[in-house]
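[1] fold the following, please.
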Amino acid sequence: MKAFNLVEAGARVCLLALIAICIPFGDVVRAEATNSTDTTSGPVVGLPADAKGVRAFLGIPYAEPPTGERRFRPPAPVKRSSTPIEATHFGNACAQRSDGEDPAEFGSFVDENCLTLNVWSPSDRGHLPVMVWIHGGGNSQGSSREPAYNGARLAARGKVVVVSLNYRLGIFGFVDISVLGGPRYKESCNDGLLDQLEALRWVKENIAGFGGDPGNVTVFGNSAGGVDISALLAMRSPEHFFHRAIIQSGFAGSVKSLAAARRFSGDIFGRAHVKSVAQLLAMTPEALLAMQAEALKAMSELESDGSFQASVDGTLLKEFPIDAIRKGSAKEIDLLLGTTANELRLYLTWNPEWKEAHLDDLPIVRDLPETTRNQLWNIYRKARPNMADGLVTLDILGDVVFRAGELRMAEEQLPFAIQSPGCLAVRSLSTDLSDW
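    Numbers count the residues shown, from 1 in each chain. Just a heads-up that it's a prediction; the model follows:
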């Protein structure tokens, strides 16, 4: 219980571990920016600059549509368009469960032709730092077109080039199809991650045309987006794609084993009586989403939200990210890691019944030895004498998943940060959601 000893050691929990952060913003070269530039996708024409001088280029394709025979396969580099791309509207969200979200914000919920990205830039010159946003949503929901992810304000205030992207979700991007299709689909359980890498490759090749510095790229994301970034830190030489990472509430310990990925895939296909890839390729997106929903029915929200995490597939991810980070896979990357207190009380906004949760209801915690569960319960119950049992239970799981995960990841990265010739900062902050 090393991480929990560390948690209790201070007067206040270290909820934001700042590891080796030095993000230089440099001088901005002011210039009359144009709303067009050339890219490997083809010439793109964006929106005119807004009142603060920020230009937006929306819905730029960074990979070929993953449809037809490309479904469940790694992304293919986009073919260059000979005609200008009108980058003035967001692309559709990737096919996903909708759960009542507004189509006006997300676009179609069943469109597989979704591998697009967006760029906001305050200048077409200046060699500006670049920030690439990877959205959360359990790797089964979300889109770069959500209003909260509009990068114009950050671009203007931070003098940075902001990029957001779509990546395949759920059964389209994080399910192991190799259980039916063999080695040809060995990377299918991480297709969503491969999409993100393809987008980062596009950024490296093209961002200079938007005023960005391809040698100063920061990826940032929350929840599943943070988990995905944590997974990318475990691949070979992540510094070829980005140089800094900001991870909020999503850490390396959430990645699945290949065995777990295959069990989940087998359950999905078994329930639907699907026995071949040919059947999957013939199904409509709506049918695939219905099959996914059926497999999740027996799970709680907490369990279903963890079903589509990245997997140790032996190709992109050869080992669990926390082990790779311990060995130095991210030694060239500056990391900023953050959580909030009482993180899982957020679930009460969707399902008030979680106020009655028990430790045996919770994934991960229920797999701990009984003596450990009892120790945790006694510690947390004593510290929260007037709190409902269900809230105490959610706080335990929140700390196991988020606080301990953050601190463990920070511990593994810290030796490399100390050895770095760059700067090192460690700061303790906290955000308390106890009034939820």
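
[2] center of this protein - which residue?
    residue 225 (1.2 Å; Cα atoms, centre = their mean).

[3] which SSE is that residue in?
    helix 224-232 (DSSP states H and E).

[4] average model confidence for that helix?
    Helix 224-232 carries an average pLDDT of 96.

[5] could you point out which element follows it?
    Reading on from helix 224-232 to the C-terminus, the next helix or strand found by DSSP H and E is strand 244-248.

[6] now do the helix holding residue 225: distance to the chain's middle.
    5 Å (Cα atoms, centre = their mean, to the nearest Å).

[7] related to what we said a few turns ago, help me confirm that the residue nearest to the centre of the chain comes into contact with residue 141.
    No. Applying Cβ atoms under 8 Å, one finds residue 225 not in contact with residue 141, separated by 11.5 Å. In short, each C-beta sits where N, CA and C put it, glycine included.

[8] enumerate every residue touching the residue nearest to the centre of the chain.
    133, 134, 135, 136, 137, 250 (Cβ atoms under 8 Å, 6 or more residues apart in numbering).

[9] just the ones of those residues in strands?
    Mapping the contacts of residue 225 onto strands (DSSP state E) picks out 133, 134.

[10] okay, now the unreliable bits of the stretch 301-436 of the chain?
    Within the stretch 301-436 of the chain, the ranges that satisfy pLDDT under 70 run 301-302, 418-436.

[11] in it, which spans are strands?
    334-338 (DSSP state E, counting those that start in this stretch).

[12] what about the helices in the stretch 51-200 of the chain?
    Under the criterion DSSP state H, counting those that start in this stretch, the stretch 51-200 of the chain contains helices at 103-106, 152-158, 170-173, 178-181, 191-206.

[13] mind listing what's buried along the helix or strand just after the longest one?
    Okay, so that is helix 191-206. Proceeding N to C from helix 191-206, the next assigned helix or strand is strand 212-222, under DSSP H and E. Across strand 212-222, burial judged by 16 or more other Cβ atoms under 10 Å covers 212, 213, 216, 217, 218, 219, 220, 221, 222.

[14] for stretch 153-169, same thing?
    154-156, 158-169.

[15] and stretch 50-63, end to end?
    End-to-end distance of stretch 50-63 (Cα to Cα, to the nearest Å): 28 Å.

[16] filter the buried residues of stretch 153-169 down to the ones in strands?
    Short answer: these in strands (DSSP E) are 161, 162, 163, 164, 165.

[17] assess the claim that the last one and residue 114 are in contact.
    No. With contact defined as Cβ under 8 Å, residue 165 does not reach residue 114; the gap is 10.1 Å.

[18] can you pull out the helices in the stretch 301-436 of the chain?
    So, for the stretch 301-436 of the chain - with DSSP H, counting those that start in this stretch - the helices run 301-305, 321-326, 370-383, 389-398, 404-419.

[19] what angle separates the fourth one from helix 370-383?
    Going by axes from the mean of the first three to the mean of the last three Cα atoms, to 10 degrees, helix 389-398 is angled at 120 degrees with respect to helix 370-383.

[20] helices or strands next to helix 389-398 in the packing?
    helix 370-383 (3 or more Cβ pairs under 8 Å, 6 or more residues apart in numbering; DSSP states H and E).

[21] show the average pLDDT along stretch 269-281.
    96.

[22] dump it to CSV, restricted to CA.
    Below are the C-alpha coordinates for stretch 269-281, written out as CSV (Å, rounded to 0.1, in the frame of the first residue of the first chain):
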residue,chain,number,x,y,z
PHE,A,269,-19.6,-11.8,-30.1
GLY,A,270,-20.9,-14.8,-28.1
ARG,A,271,-24.0,-12.9,-27.0
ALA,A,272,-24.7,-11.9,-30.6
HIS,A,273,-23.8,-15.3,-32.1
VAL,A,274,-21.3,-13.7,-34.4
LYS,A,275,-18.7,-16.2,-35.6
SER,A,276,-16.7,-14.4,-38.4
VAL,A,277,-15.2,-11.1,-39.4
ALA,A,278,-17.3,-11.3,-42.5
GLN,A,279,-20.4,-11.0,-40.4
LEU,A,280,-19.0,-7.9,-38.6
LEU,A,281,-18.0,-6.2,-41.9
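
[23] and the gap between residue 228 and residue 142?
    For residue 228, the distance to residue 142 (Cβ to Cβ, to the nearest Å) stands at 11 Å.

[24] of the two, who's got more company?
    Using other Cβ atoms under 10 Å as the criterion, residue 228 and residue 142 rank with residue 228 on top: 29 against 24.

[25] which residues does that one contact?
    Residues near residue 228 by Cβ under 8 Å, 6+ apart: 134, 139, 192, 193, 196, 221, 250, 310.

[26] by neighbour count, which of these wins?
    Greatest neighbour count in the contacts of residue 228, by other Cβ under 10 Å, goes to residue 134: 30 neighbours.

[27] pLDDT below threshold where in the stretch 1-150 of the chain?
    For the stretch 1-150 of the chain, the ranges with pLDDT under 70 are 1-33, 100-107.
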